[in-house]
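Peer 1: Mind folding the following:
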Amino acid sequence: MIMDALSLYDLNALVRRSIEQCLPDEFWVQAELSDVRTGNTGHCYLEFVQKDPRGNNLIAKARGTVWANVFRLLKPYFEEATGQAFVAGIKVLVQVTVSFHELYGYSLTVQDIDPTYTLGDMARRRREILKQLEEEGVLTLNKELEMPRLPQRIAVISSPTAAGYGDFCHQLQNNPRGFCFYTELFPALMQGDRVEESVLSALDKINARLPEFDAVVIIRGGGATSDLSGFDTYLLAAACAQFPLPIITGIGHERDDTVLDSVAHTRVKTPTAAAEFLIDSMNNAADELEMLAARLQESVRTRLLQEQRKLAAYRDRIPSAAYRRISAAKLALLTARKDMAQVVTSSLSRHRHRLELLQQRLADVSPEKQLARGYSITLKDGKVVKDAGLLREGDEITTRLHKGEATSIINRKVKV
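Peer 2: Residues are numbered from 1 along each chain as shown. Predicted coordinates:
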């Protein structure tokens, strides 16, 4: 039996004394939180890890503790400064003391935290997501969509119980000019680790009914800013960037833009501001319509005045124009009457000449003329005899001469 052998407790006590002597100071340590649990006592128990950047394998791990008196101050300070929940998966820069307990072993006790380191890491992750979307050519696709002139049919992604959703609807329904908006809620979780999954599901439902909507509004009113990490994911950003309807975000975070804000068509600060944006769009369209109506009214008034002046000018010109037209008509009528008289006289003269010629011709062929030339007309019973064969012996005939008549009795006839 080896007499100088140490018990496990003695060895661990030796390790503890050695660590206390060698590492008495506080150290700033960069690590990732892999497990965060809060006990009933208010103490926070967590695990720090470091991964190999080349293979993502764990290369270091340590148990950590934030005592309740420190955790009460540290957690809200960190979450307020970063807008990030103090949860597993984030990278932190913490001030720790190194301790070793004979029973519980090696651990780090957190004394302080530097939010700027986590902010830098979050900003880096945002930049990486935005850079990836830019390289894929989809970063500005939603921004390039044209917002409808009258965005009245709105698909809303929000928690149904959120006060911000109620504020949004109230603002739309009570707009000063009484514009009608038609909203439909697509319920989604707006905080926690299921934000990405829930919002993506709502977008899929809207996408199946695209013709029914003009725009999509994603709102999250109130709540802790530490719940915004769900809006900084690649899948959600890529889906919104490529969504075929303009997306308006109003997730109640005024200080920093999330990745979702960066890819959306329009980013506003609050749900109420989202409603005001839609109302302003309607106001702009209504103002333009009123301006066009006023311009049309002025144009009509100007045109009417011009036409009235024209009518007055025409009215003033009517008497002189009518006198000229009547004078011209009279002149034309006189000319036509003169021409007509000439035409009638000429026509009568021609017809008179023709009648005279016809009269002369008739006179030349009249029986009197023929009788005067020595011809005679033989009549029987008052009818002209043209054929001697029709006469019989003993018939009485009358011969009409140029001067006088002679009556004869047929004694004989000669056949021709």
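
Peer 1: All the strands of the stretch 1-150 of the chain, residue numbers only.
Peer 2: Secondary structure of the stretch 1-150 of the chain (DSSP state E, counting those that start in this stretch): strands at 26-38, 44-51, 58-66, 91-101, 105-113.

Peer 1: do the stretch 251-400 of the chain as well
Peer 2: Counting by DSSP E, counting those that start in this stretch, one finds strands in the stretch 251-400 of the chain at the ranges 266-267, 377-380, 383-384, 396-400.

Peer 1: now for those strands, which one comes closest to residue 321?
Peer 2: Closest to residue 321 of the strands of the stretch 251-400 of the chain, according to CB to CB: strand 266-267, at 64.9 Å. (C-beta placed from N, C-alpha, C; glycine too.)

Peer 1: Mind jotting down where the helices sit in this structure?
Peer 2: Along the chain, the stretches classed as helices by DSSP state H are 8-22, 68-82, 115-135, 163-173, 195-207, 234-241, 259-263, 271-364, 367-372.

Peer 1: Let me see the mean pLDDT of the longest one.
Peer 2: In this model, helix 271-364 has an average pLDDT of 88.

Peer 1: again, but for the fifth one
Peer 2: Here the mean pLDDT over helix 195-207 is 94, rounded to a whole number.

Peer 1: same question, stretch 61-78
Peer 2: 93.

Peer 1: Restrict that stretch to CA atoms and write it as PDB.
Peer 2: Taking Å, rounded to 0.1, in the frame of the first residue of the first chain, the C-alpha atoms of stretch 61-78 are listed here in PDB:
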ATOM      1  CA  LYS A  61     -16.600  23.500 -22.900                       C
ATOM      2  CA  ALA A  62     -17.100  24.900 -19.400                       C
ATOM      3  CA  ARG A  63     -19.900  25.000 -16.900                       C
ATOM      4  CA  GLY A  64     -21.000  28.500 -15.800                       C
ATOM      5  CA  THR A  65     -23.100  30.200 -13.200                       C
ATOM      6  CA  VAL A  66     -24.600  33.700 -12.800                       C
ATOM      7  CA  TRP A  67     -25.700  34.200  -9.300                       C
ATOM      8  CA  ALA A  68     -29.200  35.700  -8.700                       C
ATOM      9  CA  ASN A  69     -28.000  39.000  -7.500                       C
ATOM     10  CA  VAL A  70     -25.900  39.500 -10.700                       C
ATOM     11  CA  PHE A  71     -28.400  37.800 -13.000                       C
ATOM     12  CA  ARG A  72     -31.200  40.200 -11.900                       C
ATOM     13  CA  LEU A  73     -29.200  43.100 -13.300                       C
ATOM     14  CA  LEU A  74     -27.200  41.400 -16.100                       C
ATOM     15  CA  LYS A  75     -30.100  39.800 -18.100                       C
ATOM     16  CA  PRO A  76     -32.300  43.000 -18.600                       C
ATOM     17  CA  TYR A  77     -29.200  45.100 -19.300                       C
ATOM     18  CA  PHE A  78     -28.000  42.700 -22.000                       C
END
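
Peer 1: For that stretch, buried residues please.
Peer 2: 62, 64-66, 70-71, 74-75, 78 (16 or more other CB atoms under 10 Å).

Peer 1: With stretch 300-314 instead?
Peer 2: Per 16+ other CB under 10 Å, stretch 300-314 contains no buried residues.

Peer 1: can you put the buried residues of stretch 61-78 in a markdown table and add distance to residue 248?
Peer 2: Conversion of those to a markdown table gives the following (distance: CB to CB, whole Å):
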| residue | distance to residue 248 |
| --- | --- |
| 62 | 45 |
| 64 | 42 |
| 65 | 44 |
| 66 | 39 |
| 70 | 41 |
| 71 | 38 |
| 74 | 36 |
| 75 | 32 |
| 78 | 30 |
